[in-house]
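**Student:** I'd like to go over a predicted model; first the sequence, then the structure.
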Amino acid sequence: MLGTAHAALAVASLILGAMVFFQQKGGARHRLLGYLYAGALLLVNLSALSVYEESLRLGPFHVLALVSLATLSAGFIPAFRHWPRDSWLEAHAYFMSWSYVGLVAAGAAQMATKLAGPGVLQVATPTALAVSVGALLIHHRIPRILSGFALGRAR
């Protein structure tokens, strides 16, 4: 039951995150979808920390859930508080983008382990691919988006 809820929340987070990432930034719709994404991802991570396979030990996906909680917090708190005053938007943009890349990477690694069985390559390969593609997108899009805000409009 918890695994099913976790998977459903993960899919919802993927869809909401994509909607936020590829839409105009800064408006009421962006905020609403962002809150929904953050809430769903928070629940994904909390459920991930509660899911154990055969042993009751922490595994790599538990560690990734903690990293995801850190990037989610580092992206959400600056936007929610508008702090630090001179750099909250940049912190929000980068950390929320990385929270989504982490979600995609974890999902790809989880699917690979389901298809090919557990192993370092089954986690490392899709994770590296997702992080590489994510880094290219983030470092291409975020500076353009932030420069649009500096000019008074979102791109």
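**Tutor:** Received, thanks. For clarity, every value in this text was computed on a predicted model and none was experimentally measured.
**Student:** other SSEs contacting the helix of greatest length in the chain?
**Tutor:** In terms of residue count, the longest helix belonging to the chain (DSSP state H) is helix 120-150. Other helices and strands packing on helix 120-150, by 3 or more CB pairs under 8 Å, 6 or more residues apart in numbering; DSSP states H and E, are helix 88-116. (C-beta placed from N, C-alpha, C; glycine too.)
**Student:** tell me the angle of the helix it packs on relative to helix 120-150?
**Tutor:** Calculated by axes from the mean of the first three to the mean of the last three CA atoms, to 10 degrees, helix 88-116 forms an angle of 160 degrees with helix 120-150.
**Student:** still on that earlier bit, list the buried residues for the longest helix of the chain?
**Tutor:** 122-123, 126-127, 130-131, 134, 138, 142, 145-146 (16 or more other CB atoms under 10 Å).
**Student:** can you give me the mean pLDDT across it?
**Tutor:** Averaged across helix 120-150, pLDDT comes to 94.
**Student:** now do stretch 94-112
**Tutor:** 95.
**Student:** which residues are in contact with that stretch?
**Tutor:** 10, 13-14, 17-18, 20-21, 34, 37, 41, 44, 61, 64-65, 67-68, 71-72, 74-76, 78-79, 122-127, 129-131, 134-135, 137-138, 141-142 (CB atoms under 8 Å, 6 or more residues apart in numbering).
**Student:** try stretch 16-36
**Tutor:** Under CB under 8 Å, 6+ apart, the answer for stretch 16-36 is 37, 40-41, 79, 93, 96-97, 99-100, 103, 145, 148-149, 154-155.
**Student:** All set, thanks.
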